[in-house]
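Novice: Give me a model of this one.
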Amino acid sequence: MLVGILREGKTPPDKRVPLTPQQCVEVQQTFPHVSIIVQPSPIRSYKDEEYSALGIPLQEDLSDCDVLLGVKEVRIEDFLPGKIYLFFSHTIKKQAYNRKLLQTVLEKNIQLVDYEVLTDKAGFRIIGFGRFAGLVGAYNGFRAFGLKYDLFDLKPAHECEDLEEMLQHLDEVNLPPIKIAITGDGRVAQGVLEILNHMNIMRVSPEAYLNDEEPEQAIYVQLLPRNYAKRIDGEPFDLMHFFNNPSLYENSFHPFAEATDMLIASAYWDPKSPVLFTAEEMKEDKFRIGVISDITCDIEGSIPSTKRAATIADPFYDYNLQTGELEEAFSNPNNVSVQAVDNLPCELPKDASLDFGRNLIEKVFPSLFGEDTDGIIQRASITKDGALTEKFSYLQDFADGE
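Specialist: From the prediction side, this is the model:
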């Protein structure tokens, strides 16, 4: 089986790779029937020479490959017919900007395996860059806090050599006794918790967080849906009921909005769910939050101040509480300063790639290169044999252009 690593063609450029040079060697040793070739690229965090130095061939033409691995969406003109592709397709929510991509995949009889829907038998995701979104998103939140209040000036994450250097810069930060709320408990939130725990910030319960109006040191609370959503009918909160019937709930975050200096939003949000707070609630005098690091970056979603995605080069903007308009970052102390970069793992491409490749090797490749006894590849295949698979048949009208 010949496997090709694709050159990332999306704009802005993405420096991540699905496999590092050393991991390519490991794959060929672990799966002796697999050979890997790499399409040359001038932008990868791992250079072409690092692959060739370990005996991994560089080759522009990948037409002989059986499997093609990328990270972000493949350019329409680059698809090769009849192949198996693995990448983040961003099609499962009927994203209009990728309709042509899905149509091309079907036309060219491609088996599209989407990283986003690779799950174990219990339905839990087994791969992704969420941890690094959390790590960088939390770091960027503290960077914004330091700049807003003129306390410290952290080096941008994308200018750090690696995660180790980024953490070293955090070691130099002395936080005032602020209160930090994070939402969620998935991969992204776990990355955030790594940062907070590395900084030795004290974790407290939701009750203690609300009761401690002026803590002696920086503290944080981790909030789950039961802490910020409640049933409209007054019945007790039930997590599965919430997941299955989000429209039957309303937000109850306001006590935390009145007690929080920095919010790190890292919880998945269903558009049918209540928002965390409204633009009107942000205008209230008791609204205390000064910095929001919105890692989820749902535009006009659960957090009304996230009105556009920011960029790695320009990651912050201000939200005017009274007008609802965006302004230059840190231009007015009464504004909320927002971090809303939607491709955070790209700031630490080497570490993120290393982590991602490890999960591919351990959790995906045994099924891809051997027997798919647990149905891992089958469940994540959006298309096969020129048609949508049964699980993703709901995309047919989208693919038809309706």
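Novice: Not counting its neighbours along the chain, what's nearest residue 74?
Specialist: Computed as CB to CB, 6 or more residues apart in numbering, the closest residue to residue 74 that is not its neighbour in sequence is residue 87, at 6.0 Å. No exception for glycine: its C-beta is placed from N, CA and C like everyone else's.
Novice: okay, now that neighbour: neighbour count?
Specialist: 22 (other CB atoms under 10 Å).
Novice: Likewise for residue 158?
Specialist: Residue 158: 18 surrounding residues under other CB under 10 Å.
Novice: ok, back up a step: hang on, isn't the residue nearest to residue 74 packed against residue 72?
Specialist: Yes. The pair residue 87 / residue 72 is scored as a contact, 6.6 Å apart, by CB atoms under 8 Å.
Novice: rewinding a little: show me what the residue nearest to residue 74 is bridged to.
Specialist: Here residue 87 sits in beta bridges with residue 114, going by DSSP bridges.
Novice: Okay, domains of this structure per the record?
Specialist: Per the record, the chain has its domains at 2-127+349-399, 130-347, by automatic domain parsing.
Novice: and the ones you listed as TSV, adding mean pLDDT?
Specialist: Listed next are the domains of the chain as TSV, based on pLDDT from 0 to 100:
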stretch	mean pLDDT
domain 2-127+349-399	95
domain 130-347	96
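Novice: what about residue 37, which helix or strand?
Specialist: Under the criterion DSSP states H and E, the helix or strand holding residue 37 is strand 35-38.
Novice: Could you list the residues in contact with that strand?
Specialist: 1-5, 19, 24, 27-28, 48, 51, 56-59, 62, 65 (CB atoms under 8 Å, 6 or more residues apart in numbering).
Novice: so how far is residue 8 from residue 136?
Specialist: Relative to residue 8, residue 136 is positioned 18 Å away (CB to CB, to the nearest Å).
Novice: Between these two, which has more neighbouring residues?
Specialist: The neighbour comparison of residue 136 against residue 8 (other CB under 10 Å) goes to residue 136, with 35 against 23.
Novice: Roughly how far does the more buried one sit from residue 349?
Specialist: Distance from residue 136 to residue 349, by CB to CB: 11 Å.
Novice: now do residue 187
Specialist: 18 Å.
Novice: Settle it for me: which of these two has more neighbours?
Specialist: Between residue 187 and residue 349, counted using other CB under 10 Å, the more crowded position is residue 349 (21 against 17).
Novice: isn't the more buried one right up against residue 20?
Specialist: No. Assessed by CB under 8 Å, residue 349 is found out of contact with residue 20, at 10.5 Å.
Novice: in this structure, which helix has the most residues?
Specialist: Looking across the chain with DSSP state H, the single longest helix is helix 130-148.
Novice: Quick check: buried residues in it?
Specialist: 130-148 (16 or more other CB atoms under 10 Å).
Novice: how distant is the next helix or strand after that helix from the center of its chain?
Specialist: Per DSSP H and E, the first helix or strand lying C-terminal to helix 130-148 is helix 163-171. Helix 163-171 sits 20 Å away from the centroid of its parent chain (CA atoms, centre = their mean, to the nearest Å).
Novice: Put the alpha carbons of helix 163-171 into PDB.
Specialist: Extracted in PDB, the C-alpha atoms of helix 163-171 (Å, rounded to 0.1, in the frame of the first residue of the first chain):
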ATOM      1  CA  LEU A 163       5.100  24.200  23.500                       C
ATOM      2  CA  GLU A 164       7.900  24.100  25.900                       C
ATOM      3  CA  GLU A 165       9.000  27.600  25.100                       C
ATOM      4  CA  MET A 166       5.400  28.800  25.400                       C
ATOM      5  CA  LEU A 167       5.000  27.300  28.800                       C
ATOM      6  CA  GLN A 168       8.300  28.900  29.900                       C
ATOM      7  CA  HIS A 169       6.900  32.400  29.100                       C
ATOM      8  CA  LEU A 170       3.800  31.600  31.300                       C
ATOM      9  CA  ASP A 171       6.200  30.800  34.200                       C
END
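Novice: how about it: buried residues?
Specialist: For helix 163-171, burial by neighbour count (16+ other CB under 10 Å) applies to 163, 166-167, 169-170.
Novice: Tell me the helices and strands packed up against that helix.
Specialist: helix 130-148, helix 187-198 (3 or more CB pairs under 8 Å, 6 or more residues apart in numbering; DSSP states H and E).
Novice: for these, which one sits closest to residue 291?
Specialist: Comparison of those against residue 291 by CB to CB identifies helix 130-148 as nearest, at 4.8 Å.
Novice: And that closest one, how far out from the chain middle?
Specialist: With CA atoms, centre = their mean, you get 13 Å for helix 130-148.
Novice: Relative to residue 318, which of the helices and strands packed on helix 163-171 is closest?
Specialist: Judged by CB to CB, the one of the helices and strands packed on helix 163-171 that comes nearest to residue 318 is helix 130-148, at 8.8 Å.
Novice: Roughly how far does the residue lying closest to residue 5 once chain neighbours are set aside sit from residue 129?
Specialist: In space, and not counting its chain neighbours, residue 5 is closest to residue 38: 4.6 Å by CB to CB, 6+ apart. Distance of residue 38 to residue 129, given as CB to CB: 20 Å.
Novice: repeat for residue 238
Specialist: Distance of residue 238 to residue 129, computed by CB to CB: 31 Å.
Novice: Settle it for me: which of those two has more neighbours?
Specialist: residue 129 (25 against 12).
Novice: need the contact list for the closest residue to the more buried one other than its chain neighbours.
Specialist: Spatially, and ignoring its direct neighbours in sequence, residue 129 is nearest to residue 345 (3.9 Å; CB to CB, 6+ apart). Contact analysis of residue 345 by CB under 8 Å, 6+ apart lists 16, 129, 132-133, 136, 352.
Novice: I'd guess residue 345 is in a strand, am I close?
Specialist: No. Remark: residue 345 does not belong to a strand; assigned using DSSP: H, G, I helix; E, B strand; the rest coil, it is helix.
Novice: Roughly how far does it sit from residue 181?
Specialist: Counting by CB to CB, the gap between residue 345 and residue 181 amounts to 23 Å.
Novice: Please apply the same query to residue 383.
Specialist: Residue 383 is 41 Å from residue 181, by CB to CB.
Novice: what do you get for residue 109?
Specialist: 49 Å.
Novice: between the two, which one's more packed in?
Specialist: The neighbour comparison of residue 109 against residue 181 (other CB under 10 Å) goes to residue 181, with 25 against 14.
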